[in-house]
Structure formats: structure tokens, C-alpha cells
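Visitor: what's the 3D shape of this:
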Amino acid sequence: MFKITPNPTFTTDVELHVAGAEPGKIKVTFKYLNKDQLIAWQKDYGNKPPLEALQAIVTDWQGVYLVDGADAVYSHEALNQLLVGYQTAAQDITNAFLREILGARRKN
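Guide: Below is the predicted model of the structure:
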């Protein structure tokens, strides 16, 4: 059934570029932004550090592990560690968010 009010969050797969290896695949839960909120977020995106911009939309993740294989629980510090370690992670996460929220079709 279609609801006139969207869910407050949504989860989607994100592929992260890993140099010299297959892409890393994680599931990220994002905060849903309505049209006005999305426009405001996009305007601010270039004026804020990537960590701050992503903190506004990322609420959780699954499939992120520490060196010993234990789950890396989502936190602002863990997100920062991901962004520092993988130079394209901010753009990869942003692209997945925009693809889902704007309904862009994926290639088969």
C-alpha cells in the first residue's frame, strides 16, 4: 500500500570504492528528507566538511567491520574513520542517498 507520508528513514546498499580490490558493500540507513529539506541540504553540502554533511543524513549502517571482524557500530567517530580511510567514501555514500531519494534508475 502506498502511503502519502514517507517513512522517516530508508536503507539502501552502498558500494564503496576500495583501491585494488572489489568494491566494499554496506547497507546504510538514511534520514528521509522532503523536497524543501533536500534542497537545503544540497545547498549546504558544498559549504560543510563531508563528515558534517553526512551526519545530517546517515543514521546507521550494517556490514562495516573492524580489523578483528567485529561489527563497527555506527557513530560519528566511525563515520569519520571511514571517510579518512577511503577518499571516495563521502561521494559514494552521497551518490547512493541521492539515487534512492530521487528515484534514479539503476543499470542492469
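Visitor: strands of the protein, residue ranges please.
Guide: Counting by DSSP state E, the chain has strands at residues 9-16, 24-31, 58-62.
Visitor: can you list those strands in CSV and add distance to G46 and mean pLDDT?
Guide: Yep, even glycine has a C-beta here, placed from its N, CA and C like the rest. Shown next, in CSV, are the strands of the chain (distance: least, C-beta to C-beta, whole Å; pLDDT from 0 to 100):
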stretch, distance to G46, mean pLDDT
strand 9-16, 21, 96
strand 24-31, 19, 96
strand 58-62, 18, 96
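Visitor: for E52, find the nearest of those.
Guide: Proximity to E52 (C-beta to C-beta) singles out strand 58-62 among the strands of the chain, at 11.2 Å.
Visitor: and the angle for the closest one with strand 9-16?
Guide: 60 degrees (axes from the mean of the first three to the mean of the last three C-alpha atoms, to 10 degrees).
Visitor: before we move on, back to that, out of the strands of the chain, deepest packed?
Guide: strand 24-31 (a mean of 18; mean count of other C-beta atoms under 10 Å).
Visitor: what's in contact with that one?
Guide: Outside strand 24-31, the residues that touch it by C-beta atoms under 8 Å, 6 or more residues apart in numbering are 8-18, 56-64, 86, 93, 96-97, 100-101.
Visitor: in TSV, list the strands of the chain along with distance to E52.
Guide: Output for these, formatted as TSV (distance: least, C-beta to C-beta, whole Å):
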stretch	distance to E52
strand 9-16	19
strand 24-31	14
strand 58-62	11
